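Peer 1: Next come a sequence and a model predicted from it.
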Amino acid sequence: METAGVQDAPTAVVVVDPDGLVSGWSEGGLLLLGWAAEETVGRPVTDLLVDPPPGFPDDAGTDSTGLIALRHRNGSTVDAVVTAHPLGGSSGRALGLVLTVQRWGRRPVIADRAFEQCPFALGVYDPDLRFLWVNAAASRVMAHSEEQVLGEKYRELFPELDDAAYTNKLSEVARTGEPARLITIFRPLGSAYANAWATSMWPVRDAEGTVRAVANWGFDMSAEYWARQRLLILNEASSGIGRTLDVVSTARELATAPIPGFVDLAIVDLFDEVLRGEEPPVPAAVTAAGTITLSRAAQHSAKEDPDRPPGPATPVGYASGSIVARCMATGRSTVQLAAEPSQGGEWAFGPGLAADPAHWPPGTPLIDPSIAAKGLTGKITVPLLARGAVLGVVAFARRDRPEAFTADDLILAEQMAAKAAVAIDNARRYSHEHTTALTLQRSLLPQRLPRQEAIEVASGYLPAGAGAGVGGDWFDVIPLSGARVALVVGDVVGHGLHASASMGRLRTAVRTLADVDLPPDELLTHLDDLVLHLPDDLQPENRFESTGESGATCLYAVYDPVSRRCAMASAGHPLPLIIAADGSRTLLSVQPGPPLGVGGLPFEATEVEVPEGSLLALYTDGLVESRERDAEQGIAELLRVLSEPATSLEALCDTAIAVLLPDHRTDDAALLLARTHALTADRVADWNVEPDVSQVPPARRFASGQLAVWGLEEEAFVTELVVTELVTNAIKYGEPPIRLRLIRDTALICEVSDASETTPHLRRARAFDEGGRGLMLVAQLTQGWGTRHTTSGKTIWCAQTIESR
């Protein structure tokens, strides 16, 4: 009656007679408790127990099992599982008991009970996936008892389940003998909620190593899985929301981000002020006024194409007592459920730990059967709050999926809304600044280019596209003395209001310096000094606040229609394109100088002859450079477009901008086109004056005669006075050679040049002074006068307005 045992798991068999004395002792007893047979036989069995149960062994039931502490021979205690089997004779008389003793945890029945009571689903299949054994947890998951599944094939027993990944993996383990792990989304029979299951599978081999079965265990990891899914949704939403600085685009990103992983429908409603880039109103004031009117900025459902272009924003009204009004007034979210979701009489808000209703904030969720009429099972309304202001609301709704919202879903909705609210507010602020900067920039650019006889001009300007700040590109056309005209184009580094303000200062400075008639290289030198001081002038009081980069590029060119020559200098700006009437291009040998703001470096001027009818194209780099092409390719494309015939200069300018500028441009672009004209010889009259006051009357007669030829007799009286004063001053205070020139342009221009560099100026003559009244007289009789210096001296000029004749 001895039971053979192994060293690491001995089993003892003890025979007890009706008097409770040990009558038999197995070798396993020696291995388990250290007692030999001669030491135990004849002794009461209770001597081997640390604390005998009351009535033991007489009251031991049939095949009863219990955990009992036994005495080891060395004095230690051995916890063992003792099973009592009654021993009967042939006449039915009780002969005693047979006790089987095994150390706790070693007994096969304990292992059976451990596996049976395991909270994880355990199962064993044969290679054909027939059930060999399942525990209670697996039976609950399958909603089938062990008797119902044993011997049945899994796929035949549950044909309605979509779990091919699970059964395919089981077959793979049976075929290859390699263990595997798998995570599946599994909806238990009778449950409305899909659970996530982690499963481990391994082969069961016999002594020869042949795979005889496949065992697996799995546990419901829904709480962890859905928490991870929420993090993935939030991470995807965080990277997908706020990619542009456009309010409507950001609202649409919020509406599409949670679909289909989180909800079936998302709606974003914003105040009209937010869409316009203005400050949002105070919700309390809006609520007090009655109905709240918002704009449906974005709406998206799982049944819609995510690439479908969005429609226009439409107005939508909410009553003062509505959920939306309450959320906006309180700043708190509201969860609505169509019905109280219950399963087996218990709350079932979803899988895993989130099903605990204690996770919900007070007063949430709100059971609202009215949303079922809209086909919804649940709805979360979250106010869009950013920097203490309410921008609108976002609603997340479910209608096709059976899962009810959980408290963790509310957290996810609020996190996405918080991320989106900041992005929407950033877009609103950018839109406001962009509009302000664009308005400022357009106000600083010339509203109407002046009409000039020397040139015909056309211009085009386009700000950067949405998402890029307004830059500091500008252009200008400035009339100069002697029928000349200055063409200017520039670009300030940076974007936004700072760039627009800097551009305005530079444009004003260029106009001021142009009035002094400085040569192009000298004008840029003075402009460079101004840019060097701009950072100091604009330095904020808060040293941690940055105004952005400083610096600019500029091209200044002066065209003279009398000589048909163009002088120019560049401060880091692309040189103009000069295309003759026959299509040939004039190449410029000069190189652009350093950008403005570098300081200490000279600017080089060049002068070229421009044939009549030539086209001058001045532009900023935003016109020719883009992500799709470099500057050289852009210039070549601009040359090609400008060489093509056009109905007008304005049409040619529009075509060039349309061809060269992409839809999604990242920089401002400006183009200034000028078609040159020349003043013919019959519109210019020159006379050399000898340095003798006796030459004043002949100079006066020369002017009168020329005005008669031009049909300007009405201007003769003023012109004779002006010529008298200017020629007299040149003879008295200047140096030869002295020259008188009359130009008939849009105005009648009188110029007297001499070799002296002394600049005359106005002064107030006293009552008895013999001189000092000449320039005062010239200034009073003409509409403008001034001095310009040349390499050979100076020129005093004045202009009279004449009627078109």
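Peer 2: Structure's in. What do you need?
Peer 1: leaving aside the residues next to it on the chain, what's closest to the residue nearest the centre of the chain?
Peer 2: Centrality entry for the chain: nearest residue to the mean C-alpha point is Arg243, 2.1 Å, by Cα atoms, centre = their mean. Spatially, and ignoring its direct neighbours in sequence, Arg243 is nearest to Glu253 (6.7 Å; Cβ to Cβ, 6 or more residues apart in numbering). Using the backbone N, CA and C atoms, a C-beta is placed for each residue, glycine as well.
Peer 1: Assign a three-state SS to the one you found, would you?
Peer 2: Counting by DSSP: H, G, I helix; E, B strand; the rest coil, the backbone at Glu253 sits in helix.
Peer 1: Go ahead and confirm it touches Ser239.
Peer 2: No: the criterion here is Cβ atoms under 8 Å, and Glu253 misses it with Ser239 at 10.1 Å.
Peer 1: Which of the two has more residues huddled nearby?
Peer 2: Shown here are Glu253 and Ser239; by other Cβ atoms under 10 Å, Glu253 has more neighbours (22 against 11).
Peer 1: and Pro53, how many neighbours?
Peer 2: For Pro53, using other Cβ under 10 Å, the count is 13.
Peer 1: Kindly report the same for Ser756.
Peer 2: Using other Cβ under 10 Å as the criterion, the residues surrounding Ser756 number 15.
Peer 1: That one against Glu735, yeah?
Peer 2: Yes: using Cβ under 8 Å, Ser756 is in contact with Glu735, at 4.4 Å.
Peer 1: where do the contact lists of those two overlap?
Peer 2: Taking Cβ atoms under 8 Å, 6 or more residues apart in numbering as the contact rule, Ser756 and Glu735 both touch Gly793.
Peer 1: immediately after the helix or strand bottoming out on mean pLDDT in the chain, which helix or strand?
Peer 2: Across the helices and strands of the chain, mean confidence by mean pLDDT, DSSP states H and E is lowest for strand 346-347: a mean of 36. The helix or strand immediately downstream of strand 346-347 is strand 366-367, counting by DSSP states H and E.
Peer 1: tell me what that next one is packed against?
Peer 2: strand 334-337 (3 or more Cβ pairs under 8 Å, 6 or more residues apart in numbering; DSSP states H and E).
Peer 1: what does the strand it packs on contact?
Peer 2: 323, 326-327, 360, 364-368, 371, 377-381, 404-405, 410.
Peer 1: and with 7 Å instead?
Peer 2: With contacts defined as Cβ atoms under 7 Å, 6 or more residues apart in numbering, strand 334-337 is touched by 323, 326-327, 364-368, 371, 378-381, 404-405, 410.
Peer 1: Given it, what are its sheet partners and their directions?
Peer 2: strand 366-367 (parallel), strand 378-386 (antiparallel) (DSSP bridges).
Peer 1: Just after the last one, pick out the following helix or strand.
Peer 2: Just to be clear, that refers to strand 378-386. Criterion used, DSSP H and E; the element after strand 378-386 is strand 389-398.
Peer 1: now the angle from that following strand to strand 378-386?
Peer 2: 160 degrees (axes from the mean of the first three to the mean of the last three Cα atoms, to 10 degrees).
Peer 1: what's downstream of strand 389-398, the next helix or strand?
Peer 2: Toward the C-terminal end, the helix or strand that comes next after strand 389-398 (DSSP H and E) is helix 407-444.
Peer 1: Tell me the gap between that following helix and the middle of its chain.
Peer 2: 11 Å (Cα atoms, centre = their mean, to the nearest Å).
Peer 1: for stretch 85-101, same thing?
Peer 2: For stretch 85-101, the distance to the chain centre is 84 Å (Cα atoms, centre = their mean).
Peer 1: buried residues in that stretch?
Peer 2: Leu87, Leu95, Gly96, Leu97, Val98, Leu99, Thr100, Val101 (16 or more other Cβ atoms under 10 Å).
Peer 1: got the CA coordinates for that stretch in CSV?
Peer 2: Taking Å, rounded to 0.1, in the frame of the first residue of the first chain, the C-alpha atoms of stretch 85-101 are listed here in CSV:
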residue,chain,number,x,y,z
HIS,A,85,-10.5,7.2,2.3
PRO,A,86,-12.6,4.7,4.5
LEU,A,87,-11.2,1.2,4.5
GLY,A,88,-13.9,-1.6,4.6
GLY,A,89,-13.8,-5.4,5.0
SER,A,90,-15.7,-8.1,3.1
SER,A,91,-18.4,-8.2,5.7
GLY,A,92,-18.9,-4.4,5.6
ARG,A,93,-17.1,-3.9,8.9
ALA,A,94,-15.0,-0.7,9.0
LEU,A,95,-11.3,-1.6,9.1
GLY,A,96,-10.1,2.0,9.5
LEU,A,97,-8.9,4.7,7.1
VAL,A,98,-6.4,5.2,4.4
LEU,A,99,-4.9,8.7,4.5
THR,A,100,-3.0,10.1,1.6
VAL,A,101,-0.7,13.0,2.6
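Peer 1: Walk me through the domains of the protein.
Peer 2: 11-110, 118-220, 233-394+406-434, 448-676, 683-801 (automatic domain parsing).
Peer 1: Can I get those domains in CSV including distance to Asp400?
Peer 2: Output for the domains of the chain, formatted as CSV (distance: least, Cβ to Cβ, whole Å):
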stretch, distance to Asp400
domain 11-110, 49
domain 118-220, 13
domain 233-394+406-434, 5
domain 448-676, 34
domain 683-801, 74
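Peer 1: and of the ones you listed, who's closest to Trp226?
Peer 2: domain 233-394+406-434 (6.0 Å; Cβ to Cβ).
Peer 1: for Pro645, phi and psi?
Peer 2: phi -70, psi 150 (degrees, to the nearest 10).
Peer 1: burial count for it?
Peer 2: For Pro645, using other Cβ under 10 Å, the count is 6.
Peer 1: before we move on, what about Ala372?
Peer 2: 14.
Peer 1: what ranges do the strands span in the stretch 401-550 of the chain?
Peer 2: Along the stretch 401-550 of the chain, counting by DSSP state E, counting those that start in this stretch, strands occupy 455-462, 472-479, 485-492.
Peer 1: out of these, deepest packed?
Peer 2: strand 485-492 (a mean of 26; mean count of other Cβ atoms under 10 Å).
Peer 1: elements contacting that strand?
Peer 2: Strand 485-492 sits against strand 472-479, helix 497-515, strand 552-560, strand 615-619, strand 669-676, with contacts defined as 3 or more Cβ pairs under 7 Å, 6 or more residues apart in numbering; DSSP states H and E.
Peer 1: Of those, which is nearest Ala571?
Peer 2: Ranking the helices and strands packed on strand 485-492 by proximity to Ala571 (Cβ to Cβ) places strand 552-560 first, at 4.7 Å.
Peer 1: Pull out the buried positions in the closest one.
Peer 2: For strand 552-560, burial by neighbour count (16+ other Cβ under 10 Å) applies to Ala552, Thr553, Cys554, Leu555, Tyr556, Ala557, Val558, Tyr559, Asp560.
Peer 1: confidence score at the closest residue in space to the third one that isn't next to it in sequence?
Peer 2: This points to Cys554. Nearest-residue entry for Cys554: Gly490, 3.9 Å, with adjacent residues in sequence omitted and distances by Cβ to Cβ, 6+ apart. On the pLDDT scale, Gly490 is placed at 89.
Peer 1: In a helix, Phe717, correct?
Peer 2: Yes: under three-state DSSP, Phe717 falls within a helix.
Peer 1: distance of it from Asp517?
Peer 2: Phe717 is 28 Å from Asp517, where distance means Cβ to Cβ, to the nearest Å.
Peer 1: Please spell out which residue in the chain sits farthest from the middle.
Peer 2: Most peripheral residue of the chain (Cα atoms, centre = their mean): Ser91, 93.6 Å.
Peer 1: what about that residue, which helix or strand?
Peer 2: Per DSSP H and E, there is no helix or strand for Ser91.
Peer 1: can you check Leu748 too?
Peer 2: Using DSSP H and E, Leu748 falls in strand 747-754.
Peer 1: Return the set of buried residues in stretch 652-670.
Peer 2: 652-653, 655-657, 660-661, 665-670.
Peer 1: Just the residues contacting the strand holding Leu748, thanks.
Peer 2: Under the criterion Cβ under 7 Å, 6+ apart, residues 482-483, 712, 715, 719, 722-723, 726-727, 730, 734-736, 738-743, 793-802 lie in contact with strand 747-754.
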